[in-house]
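would you be able to build a 3D model of this:
(2 chains)
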Amino acid sequence: GENVEQHPSTLSVQEGDSAVIKCTYSDSASNYFPWYKQELGKRPQLIIDIRSNVGEKKDQRIAVTLNKTAKHFSLHITETQPEDSAVYFCAARTSPDDAGGTSYGKLTFGQGTILTVHP
Amino acid sequence: EAEVAQSPRYKITEKSQAVAFWCDPISGHATLYWYRQILGQGPELLVQFQDESVVDDSQLPKDRFSAERLKGVDSTLKIQPAELGDSAMYLCASSLASPYLGTEAFFGQGTRLTVV
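As a prediction, this is how the structure comes out:
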């Protein structure tokens, strides 16, 4: 099955600096890569996602890059603010098995990165 | 804005007792996921439904956990008997099911289970 590795596990930056979180995945059938932000005691919420037919996507201060050949994707946050402090999770979703197997859209998460932005 | 509803929000139970969690996905979402999240870790998939059918339960401890989605809408996850190691946040998520396009999974608020 799919295995998603996420690094670093903790990241501390000064306000205004950039933050980069990296993930690797194992299943070449994965075709959708979302990033979720989870604040303490709250539900994970999608902040950006990318599909396998795109190499980069940007939304204001957040960007995601995907390298399908190397099976890795990264989250980039520029001009960080204290409110960006949270746990960030990457995930990879496989496409369905055309032979009728059980891998229909399974969404596998990384272990998370605790981002702390110091004022 | 439509949300995934979960209940209860918090549950404290004694070990060896039975416990059940309920999830109502966003209307029209055919795919429903149950995840377990231990503090400090990423969500771990327990079971995935496509309509009323289980499409992945490879990580579900079937000797004590069961899940159903009888009419393809809301779902129940049950643990019997509960063990101390089951203490965690249980998250439900749902998404539209598109075979070849990735679609966003929306999470509920979760049920925090404490087994004592």
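
which strand residues bridge A:Thr116?
Here A:Thr116 sits in beta bridges with A:Ser12, going by DSSP bridges.

who's in contact with it?
Listed by C-beta atoms under 8 Å, 6 or more residues apart in numbering or on different chains, the contact set of A:Thr116 reads A:Thr10, A:Leu11, A:Ser12, A:Val13, A:Ser85. (Glycine included, C-beta is placed from N, CA and C.)

including pLDDT and neighbour count, could the residues you listed go into a markdown table?
Listed next are the contacts of A:Thr116 as a markdown table, based on pLDDT from 0 to 100; neighbours: other C-beta atoms under 10 Å in any protein chain shown:
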| residue | pLDDT | neighbour count |
| --- | --- | --- |
| A:Thr10 | 97 | 10 |
| A:Leu11 | 98 | 17 |
| A:Ser12 | 98 | 13 |
| A:Val13 | 98 | 17 |
| A:Ser85 | 97 | 19 |
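
and which of those is nearest to chain B?
Distance to chain B across the contacts of A:Thr116 (C-beta to the nearest C-beta) is lowest for A:Thr10, with 10.4 Å.

excluding its backbone neighbours, what's nearest that closest one?
Once flanking residues are discounted, A:Thr10 sits nearest to A:Ile114: 4.7 Å by C-beta to C-beta, 6 or more residues apart in numbering or on different chains.

what is the burial count for that neighbour?
14 (other C-beta atoms under 10 Å in any protein chain shown).
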